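*Asks:* below: sequence and its predicted model.
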Amino acid sequence: DLSLYKALIEAYFRCLKNKKHVKKKTFHLHYEKTIHALALDIENETYRPSLSSIFVVTDPKPREL
């Protein structure tokens, strides 16, 4: 479904917009392929989210992310 791909790509770029800099990780280098695979999983109802990572940062103030 083209609308699903469009929504996923728009969401990806909205997330990037709020980042000061993006590290060159595999996802960012191959985002089209990753988004395509995600869209297929969503369409096939086989998508399963992974566990979240929780960590603490102290600069500029302590907080849990």
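*Replies:* Sure, I can see it. Predicted model, so just to flag it, every value in this text is computed and none were measured. Numbering: from 1, shown residues only.
*Asks:* tell me how many other residues crowd residue 53.
*Replies:* Neighbours of residue 53 under the rule other C-beta atoms under 10 Å: 6. Every C-beta, even on glycine, is put in place using the N, C-alpha and C of the backbone.
*Asks:* hey, which helix or strand in the chain has the poorest pLDDT?
*Replies:* The weakest-scoring helix or strand in the chain, judged by mean pLDDT, DSSP states H and E, is helix 26-29 (a mean of 70).
*Asks:* can you list contacts of the following helix or strand past it?
*Replies:* The helix or strand immediately downstream of helix 26-29 is helix 31-43, counting by DSSP states H and E. When contacts are defined by C-beta atoms under 8 Å, 6 or more residues apart in numbering, helix 31-43 is touched by residues 1, 4, 5, 8, 9, 12, 27, 47.
*Asks:* which pair in these spans the largest distance?
*Replies:* Maximum pairwise distance among the contacts of helix 31-43 (C-beta to C-beta): 21.8 Å, between 1 and 27.
*Asks:* looking at the two, which is more packed in?
*Replies:* Ranked by neighbour count (other C-beta under 10 Å), residue 1 and residue 27 place residue 27 first, with 13 against 9.
*Asks:* please indicate which of the contacts of helix 31-43 are buried?
*Replies:* Among the contacts of helix 31-43, those buried by neighbour count (16 or more other C-beta atoms under 10 Å) are 8, 12.
*Asks:* now the residue nearest the centre of the chain. Nearest residue, chain neighbours left out?
*Replies:* The structure's the chain has its C-alpha centroid closest to residue 12; by C-alpha atoms, centre = their mean the separation is 6.0 Å. Among residues not flanking residue 12 along the chain, residue 31 sits closest, at 6.0 Å (C-beta to C-beta, 6 or more residues apart in numbering).
*Asks:* if I look at that neighbour, how far off is residue 11?
*Replies:* Residue 31 is 11 Å from residue 11, where distance means C-beta to C-beta, to the nearest Å.
*Asks:* those two: which is more packed in?
*Replies:* Applying other C-beta under 10 Å to residue 31 and residue 11 shows that residue 31 carries more neighbours, namely 17 against 11.
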